[in-house]
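# Okay, predicted coordinates and the sequence, questions at the end:
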Amino acid sequence: MAAQLIDGKAIANEIRTELTEQVAEFIENNAVVPCLAAVLVGEDPASEVYVRNKQRACERVGIEGRLHRLPADATDDDLLDIVAQLNQDNTVHGILVQLPLPKQLSETRILDAIHPLKDVDAFHPENVGLLSQGRPRYLPCTPHGVMQLLHRSGIEATGKHAVIVGRSDIVGKPMAMLLAARDSNCGPQAANATVTLCHSRSQDMASLTRQADILVAAVGIANFIQADMVKPGAAVIDVGINRTDEGLVGDVAFDPVSAVAGHITPVPGGVGPLTVTMLLHNTLTAAGLQLHSA
Ligand code: GUN
């Protein structure tokens, strides 16, 4: 393997150690414990695991984690009632409705109902708008995690060509905004990239991905990025988590691509641990922003 492995677990632990200190200082200064309330509808096994991981991660850094559960046949009104209660509750600083939701529910209606100051996923249109104008309140967790991985691995973005595969609201679109921004919370050297956003209708995608100094794969298709789609020496960030008969697999064909790339993230143990970590970061920020509005 030629590529250097980007160890997401180690980088996440480094940030969580920093956060543990910041949370302790926040509690000491303000006598307020930051609190994240997660809402889980139904019993999807993957969502159960994600939510449990988030709760545990909260506890480890000193943030209070609460869980509200609803049955799989819950209605929009059931969920909107819980969101309204959590919006009102001054002891709750962050609200996370675990996605995907059962089909009968309106994701947009529910996510839009979360108070923008408590929207630690950064999915609310107000927070998306602030990010697009270069004055973010919260950074969306997975793209922010990718920025931290690049920055803490010494991979600069300024002037580089970053190619993102996948245009989702959660990853692809905000990732493009963060990489193309003039500045970032890791400094300007971690932003200012030239960005190409590829998607299912892109023509000759391989000719685009082969231009990437930084390639971010977020399509949700196992092993989609093959070695002939990667420029030698590129930093390849795999956001995919696909459940296959062979277990968890990313969007990048790891073995062949790691023979070509300069840096690569594994799945699991790459981007995943950062997503949860940046959620903790946003919850602490949210508690700070709500200190004087309580
Ligand atoms: N399901 C998978 N990823 C996420 C995420 O980042 N936030 C929420 N709310 N649900 C998810």
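Alright, I've got the coordinates.
# number of nearby residues for Ala193?
24 (other CB atoms under 10 Å). Bear in mind the C-beta positions are built from the backbone N, C-alpha and C, glycine included.
# Three-state assignment for the residue of the stretch 51-200 of the chain found nearest the ligand, please.
The ligand sits closest to Leu99 of the stretch 51-200 of the chain, with a gap of 3.6 Å, by CB to the nearest ligand atom. Secondary structure for Leu99, judged by DSSP: H, G, I helix; E, B strand; the rest coil, is coil.
# May I have the residues that are in contact with Thr152?
Actually, residue 152 is Arg. It isn't Thr. Applying CB atoms under 8 Å, 6 or more residues apart in numbering to Arg152 gives the contacts Ile11, Glu14.
# For Ile11, which non-adjacent residue is closest in space?
Arg152 (5.1 Å; CB to CB, 6 or more residues apart in numbering).
# shaky segments in the stretch 151-294 of the chain?
294 (pLDDT under 70).
# before we move on, the earlier item: can you count the residues close to the nearest residue to the residue of the stretch 51-200 of the chain closest to the ligand once chain neighbours are set aside?
Nearest residue to Leu99, sequence neighbours excluded (CB to CB, 6+ apart): Glu107, at 6.8 Å. Using other CB under 10 Å, Glu107 has 14 neighbouring residues.
# Surely Glu107 touches Ile114?
No. Taking contacts as CB atoms under 8 Å, Glu107 lies outside contact range of Ile114: 11.5 Å.
# Tell me how many other residues surround the closest residue to Asp78 other than its chain neighbours.
Closest residue to Asp78 apart from its sequence neighbours, by CB to CB, 6+ apart: Leu70 at 5.8 Å. The tally of other residues near Leu70 (other CB under 10 Å) stands at 19.
# let's number from 725 now, not from 1
Sure, I'll start counting at 725 from here, so that last one is Leu794.
# who touches Leu794 in this structure?
So Leu794 contacts Val763, Leu764, Val765, Gly766, Asp802, Leu803, Ile806 (CB under 8 Å, 6+ apart).
# if I've got this straight, Val1000 is in a strand?
No. Counting by three-state DSSP, Val1000 is not part of a strand but helix.
# ok, the closest residue in space to it that isn't next to it in sequence - contacts?
Nearest residue to Val1000 in three dimensions, chain neighbours excluded: Ala781, at 4.8 Å (CB to CB, 6+ apart). Contacts of Ala781 were listed using CB under 8 Å, 6+ apart, and they are Arg740, Gly789, Val1000, Thr1001, Leu1003, Leu1004.
# name the element Ala781 belongs to?
helix 769-785 (DSSP states H and E).
# how far is that helix from where the chain is centred?
14 Å (CA atoms, centre = their mean, to the nearest Å).
# does Gly957 really touch Ile988, like I thought?
No. The criterion here is CB under 8 Å, and Gly957 misses it with Ile988 at 11.2 Å.
# between the two, who's got more neighbours?
Set Gly957 next to Ile988 and count neighbours by other CB under 10 Å: Ile988 wins out with 27 against 12.
# Could you pull up phi and psi at the more buried one?
For Ile988, the backbone dihedrals (degrees, to the nearest 10) come out as phi -150, psi 150.
# in the stretch 725-874 of the chain, which spans are strands?
728-729, 759-765, 788-794, 818-821 (DSSP state E, counting those that start in this stretch).
# Give me every residue in contact with the shortest one, excluding its own residues.
Identification of contacts with strand 728-729 by CB under 8 Å, 6+ apart yields Ser877, Ser982, Gly986, His987, Ile988, Thr989, Pro990.
# circling back to that earlier point, farthest pair within the contacts of Leu794?
Gly766 and Ile806 (13.9 Å; CB to CB).
# what about those two, which has more around it?
Neighbour count, other CB under 10 Å: between Gly766 and Ile806, Ile806 has more, with 20 against 17.
# The ligand contacts on the stretch 875-1018 of the chain?
Contact residues, the stretch 875-1018 of the chain versus the ligand (CB under 6 Å from any ligand atom): Ile894, Thr999.
# what residue is smack in the middle of this protein?
Thr866 (1.5 Å; CA atoms, centre = their mean).
# Identify the residues contacting that one.
Contacts of Thr866 by CB under 8 Å, 6+ apart are Ile894, Val895, Met899, Ala942, Val963, Val995, Leu998, Thr999, Met1002.
# can you map out the helices along the chain?
Under the criterion DSSP state H, helices of the chain are mapped to 732-754, 769-785, 800-812, 831-837, 849-856, 865-876, 896-904, 929-933, 978-982, 996-1013.
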